[in-house]
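Engineer: Okay, sequence plus prediction incoming.
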Amino acid sequence: MVESVMRIKRDKLHKWFQFGWVGSPELANSIAMSHLPLPYLLVVNSTTNHHHVPDDDPSRMTPEAIILFLERIHNQSAPVRKHPFL
């Protein structure tokens, strides 16, 4: 579903977001400093090491909810989390 959102909104999102999948949850768990259930949606700012997690259960998010989540990140209205050791 995230891939379809990326393709549909490519012209709007591609400038700000790169999409990828992690085959093993260890990397995502180490960034979030908690055990994340699968599947999960985690947005990482590789420049600042901040990350964002949705308020909604990612496994139940609609494409519209994902778009709203990404828009909130882009307009800086989504809560920011920072790795505590950085």
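Structural biologist: Alright, I've got the coordinates. Just so we're clear, the structure is a prediction, and the values are computed from it rather than from any experiment.
Engineer: And the strands in the protein, which stretches?
Structural biologist: Assigned by DSSP state E, the strands in the chain fall at 43-44, 50-52, 81-82.
Engineer: Turn the ones you listed into JSON lines, including distance to P37 and mean pLDDT.
Structural biologist: Bear in mind the C-beta positions are built from the backbone N, C-alpha and C, glycine included. Converted to JSON lines, the strands of the chain look like this (distance: least, C-beta to C-beta, whole Å; pLDDT from 0 to 100):
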{"stretch": "strand 43-44", "distance to P37": "16", "mean pLDDT": "89"}
{"stretch": "strand 50-52", "distance to P37": "16", "mean pLDDT": "88"}
{"stretch": "strand 81-82", "distance to P37": "17", "mean pLDDT": "72"}
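Engineer: most tightly surrounded among the ones you listed?
Structural biologist: Comparing those by mean neighbour count (mean count of other C-beta atoms under 10 Å), strand 50-52 comes out on top with a mean of 18.
Engineer: Output the contacting helices and strands for that strand.
Structural biologist: strand 43-44, strand 81-82 (3 or more C-beta pairs under 8 Å, 6 or more residues apart in numbering; DSSP states H and E).
Engineer: got the contact list for it?
Structural biologist: With contacts defined as C-beta atoms under 8 Å, 6 or more residues apart in numbering, strand 50-52 is touched by 31-32, 42-45, 69, 73, 78-83.
Engineer: repeat for stretch 39-47
Structural biologist: Stretch 39-47 is contacted from outside by 2, 17, 25, 28, 31-32, 36, 50-54, 58-59, 61, 66, 69-70, 73, using C-beta under 8 Å, 6+ apart.
Engineer: With distance to R10 added, can I get the strands of the chain in JSON lines?
Structural biologist: Output for these, formatted as JSON lines (distance: least, C-beta to C-beta, whole Å):
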{"stretch": "strand 43-44", "distance to R10": "17"}
{"stretch": "strand 50-52", "distance to R10": "20"}
{"stretch": "strand 81-82", "distance to R10": "27"}
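Engineer: Which one of these lies nearest to K9?
Structural biologist: Nearest to K9, of all these, is strand 43-44, at 14.3 Å by C-beta to C-beta.
Engineer: Next, give phi and psi for M33.
Structural biologist: M33 has phi and psi values of phi 60, psi 40 when expressed as degrees, to the nearest 10.
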